[in-house]
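In: Sequence and predicted structure are below.
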Amino acid sequence: MQATTTRPKIIVTADGAGVVSHAGSRLLADVADRTTLTGELSQALDGVRPARAHHDPGRVLVDLAIAVADGATTISEIAALGDQAELFGQVASDSTCWRLLDRLDDTVLAQVAGARARTRTLVWDQHAELHGRAFPPARVAGRELDVLVIDLDASIVICHSEKEQAAPTFKRTFGYHPLMAFCDNTCEFLAGVLRRGNAGANTAADHISVLDQALAQIPDQHRHGRRMLVRADTAGCTKAFLTHVRDQHASLVRCEFSVGWAITDRERTAIGMVAEKVWADAIEADGGHREGAGLAELTGLLPAAALDGYPDGTRVIVRRERPHPGAQLDLMETRDGWRYTCFATDTPAGQLAFLDTRHRAHARVEDRIRTAKDTGLNHFPSRTFAINSAWLTVVMLAVDLLSWTQHLVLDGALAKAEPKTLRYRLLHVAARITRGQRRTWIRIQQSWPWAEQIAAAFARLHTLPVPAG
C-alpha cells in the first residue's frame, strides 16, 4: 500500500544547546513578582524560614504554585521548573517543598491568606489602571452589573489511597469534601476549607467560615463600597448562614443572598395554589425568551412558620419548566408534567425573570471547580491532612496566578482559555535562549500560532504599575 502522507524524516541527537520548554510559564513567575505576590509571601513566611536556609519560603511557595498552574499534580513535578535553571533560576527540590508544606499550620496559612489579600488589592488596582475598572462586571441576562458575586459550593475529591480524614462520601465514593468560594467576576479562588469526605453539605459553620475568608480577600474599598451577592445551592439555605450574610450589613458590607430552596410538601401545596395566569415568563441566560418556562413567587403562599428564623424580607421564588428526557421527577411533577425548582433571595425588588436568571448563573461555579480540579485540586499529594490543607492553598495561588495573568497581560482567546488550552498554547511552548546586548533573549518559534501574543504579553507585563519601593 502506498502512503498518501509522510512525516519529515528526522535524525535525533543529544548535543543541542540553549533550548528550553515551558517557556510560557516564566510569564506566571514574572506576574507573581510584578504583582508583589512573591514579596508578600516571603514576608509572611519569614517566621518559618530555617536558619541558614538556601531557599526563601515565599519563593518556594510561588514556584510550587507555578508548577501546579503548569499542570503538576504532585510535589515532585516541580522538577519541570528545577530542570531549567536558565529560565527559572534556582528552584527548590521536592523534599524542600515537602518540608515547607509541613510547616504551614493554620496560623501560617492565615498569614499566607493575608499576603494573598494584599496582593489582590494591588492586582485590582492594576486592572483599574488598564481597563478603567477594578474588576469585570457580572453578566446576568445579557446585562452587565456592577456587583461583586461570590459563589460558594462544595465538591468531592476522590482519594485512591488511605489519607488522613478521608472518608466515605454521600456519593458512595471515598475522599475529601472541600467547600470553596470563587469570585464570579474574576474567576479567582478566594477561599476554601478542606473537609472530611462525610462532612455535611449544609453545615452552616463551614459556610460562614469560608464566606468570612472570602470577604477578607476582597479589597477594603470594594468590600465596603460595592453591592455584593452571595450565591449557593440548597446546601447554603440554612438560617444561621443566611442570618450571617444579613449581619454583614452591620459592618457596612452590602451583601444580598440567592440560594437554592428545597421543595417539600409545603412548597408543593403552595405551588398548587398558584393560578395559571400568575406564572410569569422566564428568560434565557442571554436575556432572550425561554420557551416553556415560568416563574411565580411563593412567599405569601407558604405557611408563616416556613420562614421563621430566616432574615426579614426573605422571598421564595419557584421556577417550572418541561423536564428534559431522563429527568427524575417526583409524584407531583409526574402528574402535572412540570419540573419545579425553588430559590430564596432577600433582594427586595426586580423582575422574577431577572432574579431567576441571576440565581441560575450560580451554575458557573461548576466551571470554576472543574478548572480548579484541572489545576491541582483533584490530587492531594500526602497522607497527612495538614499537608493536604496546605496543598489546597497552593491550588488557590495557582488558580489566582492564571486568573491575574489572563486579566492583566493576555487578550483575545488566551484571556478566556481554560487551563488545558492555556498550557498547550502558552505555558508549555518551547523557545531558544540567546544572549546579546547584555540581555537574555527568549526566542519563540516564529511559526507558532500564538508567538506574537506571547511576546506581547511579556511586553505588557513590564508596563504594569507597581508601588514605589
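Out: Received, thanks. Numbering: from 1, shown residues only.
In: how far does stretch 281-297 sit from the chain's center?
Out: 28 Å (Cα atoms, centre = their mean, to the nearest Å).
In: Kindly report the same for stretch 270-278.
Out: 39 Å.
In: What distance separates the opening and closing residues of it?
Out: 13 Å (Cα to Cα, to the nearest Å).
In: Show me what that stretch is in contact with.
Out: Stretch 270-278 is contacted by residues 296, 298, 301-302, 318, 320, 332, 340 when judged by Cβ atoms under 8 Å, 6 or more residues apart in numbering. (Glycine included, C-beta is placed from N, CA and C.)
In: In helices, which of those appear?
Out: Met332 (DSSP state H).
In: which of the contacts of stretch 270-278 has the most neighbours?
Out: Within the contacts of stretch 270-278, Val318 tops the neighbour count with 25 neighbours, counted by other Cβ atoms under 10 Å.
In: List the residues that contact that one.
Out: So Val318 contacts 267, 270-271, 274, 295-298, 340-342 (Cβ under 8 Å, 6+ apart).
In: Apply 7 Å and report the result again.
Out: Neighbouring residues of Val318 by Cβ atoms under 7 Å, 6 or more residues apart in numbering: 271, 296, 298, 340, 342.
In: Can you tell me which member of these has the lowest pLDDT score?
Out: On pLDDT alone, Tyr340 ranks lowest of the contacts of Val318, at 87.
In: give the contact list for the closest residue to that one other than its chain neighbours.
Out: Closest residue in space to Tyr340, ignoring its immediate chain neighbours: Arg320 at 5.3 Å, by Cβ to Cβ, 6 or more residues apart in numbering. Arg320 makes contacts with 293-294, 338-340, as judged by Cβ under 7 Å, 6+ apart.
In: how does it look with 10 Å?
Out: Residues counted as contacts of Arg320 (Cβ atoms under 10 Å, 6 or more residues apart in numbering) are 271, 274, 279, 282, 292-296, 333, 336-341.
In: and those residues, which of them are in strands?
Out: 282, 292-296, 339-341 (DSSP state E).
In: Out of those residues, which one has the lowest pLDDT?
Out: Gly292 (80).
In: now that residue: how far from Ala305?
Out: Per Cβ to Cβ, to the nearest Å, Gly292 is found 33 Å from Ala305.
In: Closest to Leu408 out of the contacts of Val318?
Out: Nearest to Leu408 among the contacts of Val318 is Cys342, at 39.8 Å by Cβ to Cβ.
In: gap between the closest residue to that closest one other than its chain neighbours and Glu267?
Out: Of all residues not flanking Cys342 in the chain, Trp261 sits nearest, at 3.9 Å (Cβ to Cβ, 6+ apart). Look at Trp261 and Glu267: by Cβ to Cβ, they are 8 Å apart.
In: for Ala304, same thing?
Out: Counting by Cβ to Cβ - Ala304 and Glu267 are separated by 14 Å.
In: Comparing these two, which shows the higher neighbour count?
Out: Taking neighbours as other Cβ under 10 Å, Ala304 and Glu267 compare with Glu267 leading, 20 against 7.
In: Looks like the more buried one contacts Thr299 (just checking).
Out: No: using Cβ atoms under 10 Å, Glu267 is not in contact with Thr299, being 11.3 Å away.
In: Please identify which of the contacts of Val318 is nearest to Ala32.
Out: Among the contacts of Val318, and counting by Cβ to Cβ, the member closest to Ala32 is Cys342, at 43.5 Å.
In: ok, now which ones touch the closest one?
Out: 234, 237, 260-264, 267, 270-271, 298, 316-319, 359.
In: ok, now Asp125?
Out: The contact partners of Asp125, by Cβ under 10 Å, 6+ apart, come to 134, 219, 221, 465-467.
In: what lines up beside the host helix or strand of Glu256 in the sheet?
Out: Using DSSP states H and E, Glu256 falls within strand 254-261. Strand pairing for strand 254-261, using DSSP bridges, gives strand 227-232 (parallel), strand 339-345 (antiparallel).
In: send the alpha carbons of stretch 21-30 over as PDB?
Out: The C-alpha trace of stretch 21-30 is given here as PDB (Å, rounded to 0.1, in the frame of the first residue of the first chain):
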ATOM      1  CA  SER A  21      10.500  24.100  27.200                       C
ATOM      2  CA  HIS A  22       7.700  25.500  29.400                       C
ATOM      3  CA  ALA A  23       8.900  29.000  28.400                       C
ATOM      4  CA  GLY A  24       5.500  30.500  28.700                       C
ATOM      5  CA  SER A  25       5.300  29.500  32.400                       C
ATOM      6  CA  ARG A  26       8.000  32.100  33.000                       C
ATOM      7  CA  LEU A  27       5.200  34.600  32.400                       C
ATOM      8  CA  LEU A  28       3.500  33.300  35.600                       C
ATOM      9  CA  ALA A  29       6.700  33.700  37.600                       C
ATOM     10  CA  ASP A  30       7.100  37.300  36.300                       C
END
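In: Do me a favour and average the pLDDT over it.
Out: Rounded mean pLDDT across stretch 21-30 is 95.
In: Mind listing what's buried along it?
Out: 22-30 (16 or more other Cβ atoms under 10 Å).
In: For Leu352, state which of these is nearest.
Out: Leu28 (43.5 Å).
In: Now the closest one: phi and psi?
Out: Main-chain dihedrals, Leu28, degrees, to the nearest 10: phi -60, psi -40.
In: Spit out the contact partners of it.
Out: Leu28 sits next to 22, 62-63, 65-67, 69-70, 398, 401-402, 404-405, 426-427 when contact means Cβ under 10 Å, 6+ apart.
In: again, only this time at 8 Å
Out: Applying Cβ under 8 Å, 6+ apart, the residues near Leu28 are 66, 69-70, 401-402, 405, 427.
In: From Ala92, how far out is it?
Out: Separation of Leu28 from Ala92 (Cβ to Cβ): 16 Å.
In: So what's the residue count around Ala282?
Out: Ala282 has 20 nearby residues by other Cβ under 10 Å.
In: should've said Val274
Out: For Val274, using other Cβ under 10 Å, the count is 16.
In: any idea of the pLDDT on it?
Out: For Val274, the pLDDT comes out at 90.
In: next one: Arg364
Out: 94.
In: What are the neighbouring residues in contact with the residue lying closest to it once chain neighbours are set aside?
Out: Distance criterion Cβ to Cβ, 6+ apart; nearest residue to Arg364, sequence neighbours excluded, is Asp184 at 6.0 Å. By Cβ under 8 Å, 6+ apart, the contact set of Asp184 is 138, 149-151, 231, 361, 364-365, 368.
In: Asp184 and Pro219: what is the separation?
Out: Between Asp184 and Pro219 the computed distance is 16 Å (Cβ to Cβ).
In: do Ile317 as well
Out: For Ile317, the distance to Pro219 - Cβ to Cβ - is 32 Å.
In: secondary structure class for Arg443?
Out: Judged by DSSP: H, G, I helix; E, B strand; the rest coil, the three-state class of Arg443 is strand.
In: Could you count how many residues lie near it?
Out: For Arg443, using other Cβ under 10 Å, the count is 14.
In: quick revisit: and which of the contacts of Arg320 is nearest Leu37?
Out: The nearest one, if we look at the contacts of Arg320 relative to Leu37 and count by Cβ to Cβ, is Thr341, at 40.2 Å.
In: for the stretch 101-250 of the chain, what spans make up the strands?
Out: Remark: strands assigned in the stretch 101-250 of the chain by DSSP state E, counting those that start in this stretch are 138-140, 143-145, 148-154, 157-158, 167-168, 174-176, 179-183, 189-193, 227-232.
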